[in-house]
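Student: predicted structure and sequence below. I'll ask about it afterward.
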Amino acid sequence: MRKTALSLCLPLSTFLISGALALLPGQAAALQKLSYDKDQSKTAQDILETLNSQHYRRQNIDDNLSQRLFEEYLDRLDPYKAYFLTQDVALFSEYKKQFDDQLRAGSLDAGYDIFNLFRERLSERTQWVLDQLGDEQYKVDFSKDEVLNLDPDLRRWAQSSKDLDEFWRKRLKSDLLNLKLADKDLAEAKKTLKRRYSNLLKRVEQQDTHDAFEAYMNALGALYDPHTNYLSPRTMENFNINMSLSLEGIGAVLQTEDEYTKVVRIVSAGPADKQGDLKPSDRITAVAQGRDGEMVDVIGWRLDEVVQLIRGKKGSVVRLQVLPAGEDSGYKIVEIRRNKVKLEEQAAQKHIFEVSDGDKLYKLGVIDLPAFYLDFNAAQRGDPNYKSTTKDVRRLVQELKAAKVDGIILDLRNNGGGSLQEATRLTDLFIHRGTVVQIRQANQTISRAHRSHNTPVYQGPLLVLTNRLSASASEIFAGAIQDYGRGLVVGTQTFGKGSVQSLSRVHKGRLKITESKFYRVSGDSTQHRGVIPDIALPSMFDLEEVGESAYDNALAWDTIHRVRHGSYSDIGAIKPSLQELHDKRIGKDPDFNHLLSQLEIIEQQREKKYVSLNEEKRRTEKKEREETAFELENTRRTGKGMEPFATIDEYKNDGKEETEGEEAEETAQNQEPENRIDPDKDPLLMESGYIMADFIRIQSDQSQFAKRSQSDKLTKR
């Protein structure tokens, strides 16, 4: 499925719940043809010039780019090939080599002609679906063995309206079946879909020239990289509203993907993170207010409209109907008590735990760092108590040293980045003087200004824990620690966000444009590939769906000259021993094996290309998944010496006790920050502790680490 890095305007992908074509049984309302004005003409010329002169990726504006724009634009409008027919695409083909010439001249004819026909087809198809739902003779046979294609890459443009009718017959049947599986009867399901498609039709009718212009310009920007977007004046006004959900409400960053509102990231220490059921890549399909409010179907809605439903008074409850990542059905209801993510809850936290290798008990400190934060305004005012990542981690490190820990784990899982300055300063706590990151500009000049300058605060054993959502500043820090041989990087391949964006003025609005790339001291880019861990742990996320490499036209990984730098130890020499010990240990760990089994089931779901439209089969599949989860959990509990669950219902209701009434609201508003770290409930963190113990013992045995880190002079290579 197509992903867009930022969805701020009315996303065209939200229209994918319907399609359209000529000669339909229902008559859609006539749509006013959209046209562009002089301001948009001038803005398009400015965008083209800015991309050509300032973007990091330089490419010729020629017939090749024109053809790519043609393909990108169609793919963005109709990725499922659910609207246009082959004859429509053939008609558009006359524009293949004209986009570049037209844009230079300020003409938007090609883009608007395609968009206008798209709206017609969409409106007609939506009306067709409503006609089916409103027909008293319309019947659906859920006992018939049919399947629906879930993979848009396997579809081709329909040859006729009859072919497209057949696709939408199945799509509508699938929609109804999904709602039935969510415990709605057929009448309720039809009513829900009528509202959904009626709302969609209204939104199509409300589209204006700004929507068409943004769609066209964002298709152009996407040819350069996924983080380049045009923001119209109207979009700029809504920017803070759209993005504020990351700080207020449920604590989740959202984007639009196809017809769904998709969870991109869960904000650490926020309400959704504490509740625990909402996950990255989950799709929100409906929203309800309070415990008893009616579910409002939001498939096909604008992102800002969904945000407005989810946001609300602090302490109040919002219920989300969610389609879990990798699932084609099987909705779950996630109940979250709204709150504001407090700065102190986002701050770094520490915890001490112990692990044993059988001979020795190791006392380990872990620092959980959810973001690279900095209160820039307070720092500028000279406030000595301003909040910053480095200040907090420095204090926690000193407290852990005072507690005489044997080693420190810095947990960067789910840390999406933040202040580059803080990433540099944090690295300074652990290494001697030297370059932390290189930055190459669009003109190919390279800056090495981001350096560590001071004597390290901590020189003992260090492990950095990452996952797929560790991005940007997290990757800079982890990459530096790895390149200097200063510590061990454990976890999963990081996100791969190694580019820098800035806002450039154009005639009307702004262009968010990629201007530079990050490079490690080794010369490797963090872009696309991210940081590869020394010891890999299972990924909770599909690497093909989450991460920079999942985006179309992402900038490539490459290398530049390395920086002469010191080496604290030869991690590569001991990695085979660490890997062998890790492999032996996890084979006997009930928690780890339970996690691997869960991931195997999720992967099987991800690989499905078709979904059954037979109700009995779908209910059987759902029951089998529940029984498998029940059996896996009991296997885990038995392995840990715990009492197994007696029934599936007991398993489902475990830990689901609710707090009711005003007392719950008061608690939500006044609750003190709680410690986020619990190794006993986190098998990946616990295993990282055992890896750290092995690391310390082997380093000590080989005398590679002891005393060397106390010297200011590093061996140059």
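Tutor: All right, it came through fine. Numbers count the residues shown, from 1 in each chain.
Student: can I take it that residue 184 is in a strand?
Tutor: No: going by DSSP: H, G, I helix; E, B strand; the rest coil, the assignment for residue 184 is coil, not a strand.
Student: quick check, it in contact with residue 190.
Tutor: No: contact criterion CB atoms under 8 Å: residue 184 and residue 190 do not qualify, at 9.2 Å. Just so you know, the C-beta spots here come from the backbone N, C-alpha and C atoms, and that holds for glycine as well.
Student: got a list of what the most centrally placed residue in the chain touches?
Tutor: Centroid check for the chain by CA atoms, centre = their mean gives residue 264 as the closest residue, at 3.1 Å. Residues counted as contacts of residue 264 (CB atoms under 8 Å, 6 or more residues apart in numbering) are 252-255, 280.
Student: tell me the helix or strand right after the helix or strand where it lies.
Tutor: Assigned by DSSP states H and E, residue 264 falls within strand 260-266. With elements assigned by DSSP H and E, the helix or strand that comes after strand 260-266 is helix 271-275.
Student: what's that next one packed up against?
Tutor: Packed against helix 271-275 by the contact rule (3 or more CB pairs under 8 Å, 6 or more residues apart in numbering; DSSP states H and E) you find strand 332-337.
Student: what comes up buried for the strand it packs on?
Tutor: Neighbour-count burial for strand 332-337 flags 334, 336-337 (criterion: 16 or more other CB atoms under 10 Å).
Student: for it, what is the distance to the chain centroid?
Tutor: Distance of strand 332-337 from its chain centroid, counting by CA atoms, centre = their mean, to the nearest Å, is 19 Å.
Student: helices and strands around that strand, which ones?
Tutor: Secondary structure elements in contact with strand 332-337, counted by 3+ CB pairs under 8 Å, 6+ apart, are helix 271-275, strand 317-323, helix 661-670.
Student: which outside residues touch that strand?
Tutor: Contacts for strand 332-337 (CB under 8 Å, 6+ apart): 250, 271-272, 275, 277-278, 291, 315-322, 324, 664-665, 668.
Student: just checking: what are the partner strands of that strand?
Tutor: Here strand 332-337 is paired, per DSSP bridges, with strand 317-323 (antiparallel).
Student: follow-up on the earlier one: which one of the contacts of residue 264 has the most neighbours?
Tutor: Greatest neighbour count in those, by other CB atoms under 10 Å, goes to residue 252: 25 neighbours.
Student: distance of it relative to residue 150?
Tutor: In this view, residue 252 and residue 150 are 25 Å apart by CB to CB, to the nearest Å.
Student: next: residue 100.
Tutor: Computed as CB to CB, the residue 100 to residue 150 distance reads 35 Å.
Student: between those two, who's got more neighbours?
Tutor: residue 100 (19 against 14).
Student: which secondary structure element is home to the more buried one?
Tutor: Under the criterion of DSSP H and E, residue 100 resides in helix 99-104.
Student: elements contacting that helix?
Tutor: Using 3+ CB pairs under 8 Å, 6+ apart: helix 99-104 touches helix 38-54, helix 63-77, helix 109-134.
Student: format these as TSV; extra columns: distance to residue 580, mean neighbour count and mean pLDDT.
Tutor: Shown next, in TSV, are those (distance: least, CB to CB, whole Å; neighbours: other CB atoms under 10 Å; pLDDT from 0 to 100):
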stretch	distance to residue 580	mean neighbour count	mean pLDDT
helix 38-54	50	18	96
helix 63-77	46	19	95
helix 109-134	57	21	94
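Student: out of the ones you listed, nearest to residue 143?
Tutor: Nearest to residue 143, of all these, is helix 109-134, at 19.2 Å by CB to CB.
Student: does anything pack onto that closest one? Which helices or strands?
Tutor: Contact analysis of helix 109-134 by 3+ CB pairs under 8 Å, 6+ apart lists helix 63-77, helix 86-92, helix 99-104, helix 161-181, helix 186-206, helix 209-222 as its packing neighbours.
Student: you'd agree residue 133 is up against residue 197?
Tutor: Yes: counting by CB under 8 Å, a contact exists between residue 133 and residue 197, whose distance comes to 7.3 Å.
Student: overlap in contacts, the two.
Tutor: Residues touching both residue 133 and residue 197 (CB under 8 Å, 6+ apart): there are none.
Student: tell me where this structure is predicted with low confidence.
Tutor: 1-29, 237-248, 258, 326-330, 341-345, 655-675, 702-717 (pLDDT under 70).
Student: give the residue farthest from the middle of it.
Tutor: In the chain, by CA atoms, centre = their mean, residue 137 is the one farthest from centre (43.0 Å).
Student: could you find the closest non-adjacent residue to residue 294?
Tutor: Closest residue to residue 294 apart from its sequence neighbours, by CB to CB, 6 or more residues apart in numbering: residue 288 at 6.1 Å.
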